[in-house]
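**Q** Mind looking at a prediction? Sequence and model below.
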Amino acid sequence: MAEFDLPRSWFLIVVTWLVMMTGSYWLGVYTVNYGLDDRRIRHGRSVSLVQKVQGGPIEKSAESPPQRKQMMKVVPPPDGPWRGDNEWRNQHFKTADDIRKYINTVFKLDRDIVSFSNFEHDTEKCHKHGEPYTECRGDTPVVRQKSCAIVGSSGIVRNSSCGREIDQHDFVLRFNFAPLEEFKDDVGTKVDLVVLGTYKLHIYTNSFAPDAEDKKKKEALSVKVQGKDEILTRLRQFNNTIIFYPKPLYDLELGVASGPSLRLEDLLQILDDHQLRATMTYNLVTLKDLTVEMLQKLYPDAEAPSVGVIAYLLALTFCDQLDLYGFYPLDFDPWNRTVRFHYHDDPLPGHGLFPKPHHYNTEYEFMRELDAKGVLTYHIDKCI
């Protein structure tokens, strides 16, 4: 019996060795091709989204900026294919003229960006007597413009050298008093209208409140407070502009003004106390609802639109030419370079720890569709 034990033992050893070597080989293949590398695990979804949204993979390039910009236009042709309801799209949203015409039926300047100084009169007229509030109109300080630039806060604009090009537009829109001077080479300094969100409004009014020091002690509760000097430096960069608050200021169910209306009054007082001027504006309807209703005709999964989308859709009603800068939601650009969420270091709501409700990838695809059809032009490469 002993003479048969040795071959059998060697047979088991050889089989075990073959299994181990085969497993090692396939583990190596998987590591190289399927992303066990930490960077590809963390960002693989974003890279694939870039490829999907851009219409195909774009390799890294060391070519000159004009050639890279040419590569950037790897998009579906204006006729698609685009996601969503293409039957409705082909009927109402096919050409640039069709799209602008439709957007002008959804948004109205004298209803959607109206002077806050007439707030009590407008709400009395539009909300307190049962009139259809979608038909209400007010006074708007915004007039027709030949060329507009909207500057978002994405880190894609860093090192772009687009500041001079942005400032050459007739009308420039920005968001949330984002810093300008220290980034002027990339984002410029001209500003005609600033879109103000709730979080930034709270920070600015909290910082000048009589109990600001008490609020500062509660920052763990997201009652954020900044230094007055820092805020005043920022506000001076936005002096003599239009400030637009795009969310409802009137509670239709309760029949009363909402809290942000008082904060806007406080902000106006802060400006006045420091010899600064601004024209405060708001909207007579819920712009989010109008935007969702329109977007879902094209992209059924769209909801919770960002204020950036609302801003550029409104701008299309009064800008003959519209250019977007600093709009980019993905972790990597098309050349696989990391993109910061913001070009600046201003604090984010919840310290940036909570996921945003916006469907940024759908919004990005929508923006690319508008670009492909000649409705607007977005810029994510360097300016020459």
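**A** Noted; the coordinates are in hand.

**Q** Which residue lies nearest the spatial centre of this protein?
**A** G308 (4.5 Å; C-alpha atoms, centre = their mean).

**Q** which residues touch it?
**A** Contact analysis of G308 by C-beta atoms under 8 Å, 6 or more residues apart in numbering lists 150, 152, 175, 327, 363. (Glycine included, C-beta is placed from N, CA and C.)

**Q** and these, which two are the farthest apart?
**A** Based on C-beta to C-beta, the longest span within the contacts of G308 runs between F175 and E363 and measures 14.5 Å.

**Q** distance of L322 from L284?
**A** Using C-beta to C-beta, to the nearest Å, L322 is found at 23 Å from L284.

**Q** Which one of the two is surrounded by more residues?
**A** A direct count of neighbours by other C-beta atoms under 10 Å for L322 and L284 places L284 higher, at 26 against 23.

**Q** Give me the below-cutoff pLDDT ranges for the stretch 51-200 of the chain.
**A** Across the stretch 51-200 of the chain, the ranges flagged by pLDDT under 70 are 51-80, 129-134.

**Q** Could you pull out the strands in it for me?
**A** Per DSSP state E, counting those that start in this stretch, the stretch 51-200 of the chain carries strands over the ranges 114-115, 145-151, 171-175, 193-195.

**Q** contact partners of the last one?
**A** Translated: strand 193-195. Here strand 193-195 makes contact (C-beta under 8 Å, 6+ apart) with 142, 171-177, 238, 241-244, 246, 307, 311.

**Q** List buried residues within these.
**A** Neighbour counting with 16 or more other C-beta atoms under 10 Å marks 142, 171-177, 238, 241-244, 246, 307, 311 as buried within the contacts of strand 193-195.

**Q** Now flag whichever of the residues you listed is closest to D112.
**A** Using C-beta to C-beta, the buried ones among the contacts of strand 193-195 come closest to D112 at P246, 8.3 Å.

**Q** Might one say that that closest one is in contact with V285?
**A** No: using C-beta atoms under 8 Å, P246 is not in contact with V285, being 10.5 Å away.

**Q** my guess is A149 contacts R174, does it?
**A** No: A149 lies out of contact with R174 (C-beta under 8 Å); the separation is 9.1 Å.

**Q** OK, contacts around Y328?
**A** Applying C-beta under 8 Å, 6+ apart to Y328 gives the contacts 152, 154-156, 339, 364, 380.

**Q** pLDDT wise, what is it at?
**A** Looking at Y328, its pLDDT reads 87.

**Q** the helices in the stretch 51-200 of the chain, which residues?
**A** Taking DSSP state H, counting those that start in this stretch as the test, the helices found in the stretch 51-200 of the chain are 65-72, 86-92, 96-106, 109-112, 119-126, 163-167, 184-187, 198-207.

**Q** would you turn these into TSV with distance to D229 and mean neighbour count?
**A** As requested, these are arranged in TSV below (distance: least, C-beta to C-beta, whole Å; neighbours: other C-beta atoms under 10 Å):
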stretch	distance to D229	mean neighbour count
helix 65-72	38	14
helix 86-92	51	13
helix 96-106	41	14
helix 109-112	35	19
helix 119-126	30	17
helix 163-167	25	18
helix 184-187	20	20
helix 198-207	10	19
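
**Q** Now render those as TSV, adding distance to T317.
**A** Output for the helices of the stretch 51-200 of the chain, formatted as TSV (distance: least, C-beta to C-beta, whole Å):
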stretch	distance to T317
helix 65-72	27
helix 86-92	16
helix 96-106	5
helix 109-112	6
helix 119-126	19
helix 163-167	21
helix 184-187	24
helix 198-207	24
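
**Q** can I see the domain layout of this protein?
**A** With domains defined by automatic domain parsing, the chain comprises 2-36, 59-379.

**Q** Averaged pLDDT, the first one. What do you get?
**A** Across domain 2-36, pLDDT averages out at 48.

**Q** show me the contacts for D112.
**A** D112 is in contact with 283-285, 287, 314, counting by C-beta under 8 Å, 6+ apart.

**Q** one more time with 7 Å
**A** D112 is in contact with 283, 285, 287, 314, counting by C-beta atoms under 7 Å, 6 or more residues apart in numbering.

**Q** filter those to the buried ones?
**A** Neighbour counting by 16+ other C-beta under 10 Å classes 283, 285, 287, 314 among the contacts of D112 as buried.

**Q** For the residue lying closest to the first one once chain neighbours are set aside, give its distance to D272.
**A** Distance criterion C-beta to C-beta, 6 or more residues apart in numbering; nearest residue to N283, sequence neighbours excluded, is D112 at 4.7 Å. When C-beta to C-beta is the yardstick, D112 and D272 sit 26 Å from each other.

**Q** How about S154?
**A** Look at S154 and D272: by C-beta to C-beta, they are 33 Å apart.

**Q** Let me know the average pLDDT across whichever helix or strand the residue nearest to the centre of the chain is part of.
**A** In this structure, G308 sits in helix 307-315 according to DSSP states H and E. Taken as a whole, helix 307-315 carries a mean pLDDT of 95.

**Q** May I see the buried residues of the next helix or strand after that helix?
**A** The first helix or strand that comes after helix 307-315 along the chain, using DSSP H and E, is strand 319-325. Across strand 319-325, burial judged by 16+ other C-beta under 10 Å covers 319, 322-325.
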